[in-house]
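*Asks:* Attaching a predicted model along with its sequence, questions to come.
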Amino acid sequence: MKYKIIALSLVLLGVVTMILVSCSNEKSAVSDVYDVIPDNSSLIISTSDIDSVSSLVSKDNALVAMLYSQKSELGMPICRVVDSLRDIDMFAGHLMQDAVVAVRKDGNSGLCQLYVCKTDEEKENSLAGLVDTLKHKGLESRIFNEIEILKCRLANSNSSVFVSFANGLALFSSSSRYMEDALQCLSGNGKRLKDDACFAKAFSASGKNELANVFVNTRRFSDIFSSELFDDNALVRNFRSIDGWLTLDMLSGSPVSFNGFQYAESDSSSFVSFVKSQ
């Protein structure tokens with residue numbers, strides 16, 4: 001009898017251990033938002049309060065308008081699009097406030113945007129059910145790298161937003177190519193921005209308690225603007241010659257203000273590196 005009790009205890013201990021390991025593995029599967037940001041992104045906005053940032057960029061102002069043209073896949077910031085989808089309870093409250101918005105330009109396709117936020121990872125089964133609900137609403141679906149991508153056509157518009165859920169993250173993009181690049185990063189087959197040494201320096205210097213952090217690739221930043229006025233601007237040309245990242249902390253208040261630093265690649269031809277050497 002004594003040996004039976006010991007054997008039963010060992011079996012129970014093994015079962016408990018397997019459950020704990022399984023829970024640990026599920027928890028570790030949740031990714032960081034930067035795990036899916038491609039390294040060729042030109043502008044990054046990172047925040048733990050996406051609603052406040054969204055309300056700022058939603059205002060009609062010249063700076064926001066300069067980012068958009070008829071060639072852009074969306075005629076507005078993608079955070080406004082996600083807001084509109086949340087307002088109609090499209091995602092059942094699963095989207096959290098920690099979010100990153102990335103921007104780049106792909107050839108002649110105009111401004112491409114990627115929005116990544118955390119979800120309530122404890123409700124992954126609910127998210128799977130949510131995907132099924134979205135598909136029943138008529139959203140087109142396809143599989144890429146074993147991950148489902150949904151295509152949401154926007155009302156009163158010819159534009160679409162691509163949506164995917166993976167590893168505790170929700171991804172939205174105005175570009176199917178940008179979405180695929182993000183999912184490639186998640187699978188380890190794409191180049192991630194977080195692995196860029198210069199960006200890592202800029203990221204480490206960013207404020208931790210600010211409204212948002214803005215990261216600008218100095219060589220590529222002007223390419224994302226639709227205005228052709230920048231092409232013949234001497235200051236912009238000089239700025240484009242710098243390889244590196246500019247980090248800006250967005251401070252709360254009215255008007256909004258920024259503090260920041262410039263981090264250049266260790267290249268002797270870089271103007272910033274030359275200044276630092278003097």
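*Replies:* Thanks, I have it.
*Asks:* packing partners for the strand or helix carrying Ala99?
*Replies:* With elements delineated by DSSP states H and E, Ala99 resides in strand 95-105, which encompasses its position. With contacts defined as 3 or more CB pairs under 8 Å, 6 or more residues apart in numbering; DSSP states H and E, strand 95-105 has these neighbours: strand 43-47, helix 50-57, helix 78-87, strand 111-119. C-beta: built from backbone N, CA, C; applies to glycine.
*Asks:* for the longest one, packing partners?
*Replies:* With contacts taken as 3+ CB pairs under 8 Å, 6+ apart, helix 78-87 sits against helix 50-57, strand 95-105, strand 111-119, strand 160-166, strand 169-173.
*Asks:* Skip the chain neighbours and tell me the closest residue to Trp167.
*Replies:* Actually, residue 167 is Asn rather than Trp. Ser31 (3.9 Å; CB to CB, 6 or more residues apart in numbering).
*Asks:* did I read that right, that neighbour in a helix?
*Replies:* No: the assignment for Ser31 (DSSP: H, G, I helix; E, B strand; the rest coil) gives coil, which keeps it out of a helix.
*Asks:* wait, it sits on Ala170?
*Replies:* No: judged on CB atoms under 8 Å, Ser31 makes no contact with Ala170 at a distance of 11.2 Å.
*Asks:* Among the two, which residue is more densely surrounded?
*Replies:* For the pair Ser31 and Ala170, the greater number of neighbours falls to Ala170 (22 against 17), based on other CB atoms under 10 Å.
*Asks:* ok, now how distant is the spatially closest residue to Val103 that is not a sequence neighbour from Gly188?
*Replies:* With sequence-adjacent residues excluded and distances taken as CB to CB, 6+ apart, Val103 is closest to Leu43, at 4.2 Å. Look at Leu43 and Gly188: by CB to CB, to the nearest Å, they are 25 Å apart.
*Asks:* Settle it for me: which of these two has more neighbours?
*Replies:* Applying other CB under 10 Å to Leu43 and Gly188 shows that Leu43 carries more neighbours, namely 21 against 8.
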